[in-house]
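In: Sequence plus predicted model, see below.
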Amino acid sequence: MEKIEKANAEALRRLLAGDPVLVDLVPAAEAIEGLGKHHILHAGPPISWERMCGPLRGAIMGIAVFEGWAKDLKDAAAKAEAGAFRFEPNHHYDTVGPMTGMTTQSQPVLVVENRAFGNRAYCAINEGLGKVMRFGGNDAEVLARLAWLRDTLGPALGCAIRETGGIPLKPIIARGLTMGDEMHQRNVACSSLLLRILAPSLARTSKDGEALARCLDFIGKNDQFFLNVAMTVGKALTDPAGGIEGSSLVTAMCRNGTDFGIRVSGTGDTWFTAPVEMPVGLYFPGYTANDANPDMGDSAIVETVGLGAFAMAAAPAVVGFIGAGRASGAARFTRSMGEITAGNNLEWTIPLLDGLGVPTGIDIRLVVETGIVPNINTGIAHRKPGMGQVGAGVVKAPMLCFTQALEAFAAKLGVVY
Amino acid sequence: MAAEDKTTDGKKPASLLGQPLCVINVGLERFAEDLAAHGTTVQQVQWVPPAGGDPRLARLLSKLGS
């Protein structure tokens, strides 16, 4: 259908032409219009408190205490149940968040500007590994770290980023792909490359040597620091590709631990949802699949722009970490995702595939036709609130999202069975 | 020899079963695996019916140009 091909060509052009630049880091209330008191943004498609999974409830209880909206976790749960908080998806506010994806007014957020189209996207700072709020953690240690991010690291990074005049992110990701990162479960190279750029500005703008040392230590020890940056890049790149009449390309994929949701360019802001699946992967010592929560997070935005599992061939080392088979099978993942995408990103290439660009622009028609659903590299959270991460793996997007989207897309074009 | 057994140049065709088999298997991999296990050269072609064989969705896809 010519109209669809033209629309998809334009959506793909926009996806590929984006120029994401890290321009700032400020409290969320300053950056995100409409984000106020008792307002909690979460990962995935819309969901009510009653249907939320354990880790998401745990994170909400913790963030309510952190923001001073509840005196303790029990009080927070009671208030949530009584409807005291307003829950909305990050995606409705140009924002993304990993796993539980908590975004509230006082948390510092990365600001990425897509200079080719003028839009901005936001994401909180990565908290590091171990017991963290993104995996549902909510104890005193988790809240103390969030306070340090808000009071020390956030302001320091904000000054440093502004001092650089903006950091172009596409070249960092391009280099990371040649250094073994896929930008979802492996961000070792990009985290280091970004720190290399930020360190001089952090040093120049810091007034406290000990605080500076702690900031450098925190970023340097966090192999996943760049994940949140890559996610913000994904959001900044996909938003301009939305709302193109006749385009069947996917503009968002995300999960809230209960539902998986996708958005398609030609159907605008409508969510197509289905029960989220359980990741298949490896568990940390002492944990099994019985401890795991179904998949969660907005992080699948990186797969939406051709990274993560779509770029698996760039990161053979991650295949074993997430229990996806042998390293030599990494290319199979990337080639398989090439079956359901409209093109390749020639700015993000994979050396092991002779410079092939990462497969980009998931076409719902190709997903339904081939039966191949997007793969997503992911972390695995404990199903109980407050327990944290228990493993990592690969999860498949549910086909039902794509068949529903296809039917709605066809109806919008006036195409019937 | 009957006329239908000859090729257009009048020569007798080589017997298919009189030479080593090279098989192209389309779809279900198990057939290819069984042949390979018996030493037959097999080229596997991955194929599934469009839309997993759902005629309703396949018809819709066809109208949407996929």
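Out: Thanks, I have it. A quick note: this is a predicted structure, and the numbers were derived from the prediction, not measured.

In: Going by C-alpha atoms from here, please, whenever you check contacts or count neighbours.
Out: OK.

In: so who does A:L216 touch?
Out: A:L195, A:A199 (C-alpha atoms under 8 Å, 6 or more residues apart in numbering or on different chains).

In: That one: which element?
Out: Using DSSP states H and E, A:L216 maps to helix A:209-221.

In: how far out from the middle of the chain is the very next helix or strand once past that helix?
Out: Following helix A:209-221 in sequence order, the next helix or strand is helix A:225-238 (DSSP H and E). Centroid displacement of helix A:225-238 relative to its chain, using C-alpha atoms, centre = their mean, to the nearest Å, is 7 Å.

In: what's next to the helix or strand containing A:T378, contact-wise?
Out: Under the criterion of DSSP H and E, A:T378 resides in strand A:375-381. Residues from elsewhere that reach strand A:375-381, judged by C-alpha under 8 Å, 6+ apart: A:55, A:99, A:135-136, A:184-185, A:279, A:292-295, A:300, A:303, A:308-310, A:322, A:333, A:337, A:387-397.

In: If I take whatever helix or strand comes next after it and strand A:375-381, what angle do their directions form?
Out: Following strand A:375-381 in sequence order, the next helix or strand is strand A:389-396 (DSSP H and E). Interaxial angle, strand A:389-396 versus strand A:375-381 (axes from the mean of the first three to the mean of the last three C-alpha atoms, to 10 degrees): 160 degrees.

In: just to revisit the earlier point, now the helix holding A:L216 and helix A:225-238, what's the angle there?
Out: Using the same axes, to 10 degrees, the direction of helix A:209-221 lies 70 degrees away from that of helix A:225-238.

In: Give me the pLDDT for the residue nearest to A:P108 when sequence neighbours are not counted.
Out: Counting by C-alpha to C-alpha, 6 or more residues apart in numbering or on different chains, A:P108 lies nearest to A:P27, which is 4.0 Å off, once chain neighbours are set aside. You'll see A:P27 listed with a pLDDT of 98.

In: What of A:R326?
Out: At A:R326, pLDDT is 86.

In: With B:E29 instead?
Out: For B:E29, the pLDDT comes out at 91.

In: give me the element A:Q404 is part of.
Out: helix A:399-412.

In: Going by neighbour count, which residues of that helix are buried?
Out: Within helix A:399-412, the residues scored as buried using 16 or more other C-alpha atoms under 10 Å in any protein chain shown are A:M399, A:L400, A:C401, A:F402, A:T403, A:Q404, A:A405, A:L406, A:E407, A:A408, A:F409, A:A410.

In: Quick one: low-confidence residue ranges for the chain.
Out: Here I'm looking at chain A. Applying pLDDT under 70 to chain A flags no residue at all.

In: let's do chain B instead
Out: Ranges of chain B meeting pLDDT under 70: B:1-7, B:13-14, B:66.

In: can you give me the helices in it?
Out: B:29-37, B:55-63 (DSSP state H).

In: among these, which is nearest chain A?
Out: The minimum distance between chain A and the helices of chain B falls on helix B:55-63, with 5.5 Å, by C-alpha to the nearest C-alpha.

In: Between helix A:399-412 and the closest one, find me the angle.
Out: 50 degrees.

In: quick one: contacts of helix B:55-63?
Out: Against helix B:55-63 from outside (C-alpha under 8 Å, 6+ apart): A:M1, A:R365, A:V368, A:E369, A:T403, A:A410, A:V415, A:V416, A:Y417, B:P50, B:A51.

In: got it, and stretch A:388-396?
Out: With C-alpha under 8 Å, 6+ apart, stretch A:388-396 has contacts from A:55, A:130-137, A:277-284, A:287, A:291-292, A:295, A:309, A:321-324, A:373-382.

In: Can you tell me which of the contacts of helix B:55-63 lies closest to A:I63?
Out: The shortest approach to A:I63 among the contacts of helix B:55-63 belongs to A:T403, at 35.8 Å (C-alpha to C-alpha).

In: Keep the buried residues of helix A:399-412, but drop any that are not near chain B.
Out: A:T403, A:A410 (C-alpha under 8 Å from any C-alpha of the partner chain).

In: Out of the buried residues of helix A:399-412, which comes closest to A:G68?
Out: For those, the nearest to A:G68 is A:C401 (37.4 Å; C-alpha to C-alpha).

In: residues in contact with that closest one?
Out: A:F260, A:G261, A:I262, A:F272, A:T273, A:A274.

In: Dump the residues you listed into a markdown table; add secondary structure as well.
Out: A markdown table is the format used below for the contacts of A:C401 (DSSP: H, G, I helix; E, B strand; the rest coil):
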| residue | secondary structure |
| --- | --- |
| A:F260 | strand |
| A:G261 | strand |
| A:I262 | strand |
| A:F272 | strand |
| A:T273 | strand |
| A:A274 | strand |
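
In: Next secondary structure after the helix or strand hosting A:E10?
Out: Per DSSP H and E: A:E10 is located in helix A:2-17. Where DSSP H and E defines the elements, the next helix or strand beyond helix A:2-17 is strand A:20-27.

In: that older thread, go through the helix holding A:L216 and flag the buried ones.
Out: Judged by neighbour count (16+ other C-alpha under 10 Å), helix A:209-221 contains these buried residues: A:L212, A:C215, A:L216, A:I219, A:G220.

In: Spatially, which two of the contacts of A:C401 are the most separated?
Out: Top of the distance list for these (C-alpha to C-alpha): A:I262 and A:A274, 9.3 Å.

In: sorry, back to before: which of the residues in the helix holding A:E10 are buried?
Out: Result for helix A:2-17 [16+ other C-alpha under 10 Å]: buried residues A:I4, A:E5, A:A7, A:N8, A:A9, A:A11, A:L12, A:R14, A:L15, A:L16, A:A17.

In: ok, those vs chain B, which is closest?
Out: A:I4 (7.7 Å).

In: thinking again about what came up before, now a PyMOL select for only the buried ones of the contacts of stretch A:388-396.
Out: Paste this into PyMOL to select the buried members of these, with burial taken from 16+ other C-alpha under 10 Å:
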select buried, chain A and resi 55+131+132+133+134+135+136+137+277+278+279+280+281+282+283+291+292+295+309+321+322+323+324+373+374+375+376+377+378+379+380+381+382
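
In: Restricted to strands, list the contacts of stretch A:388-396.
Out: A:V280, A:G281, A:L282, A:Y283, A:N375, A:I376, A:N377, A:T378, A:G379, A:I380, A:A381 (DSSP state E).
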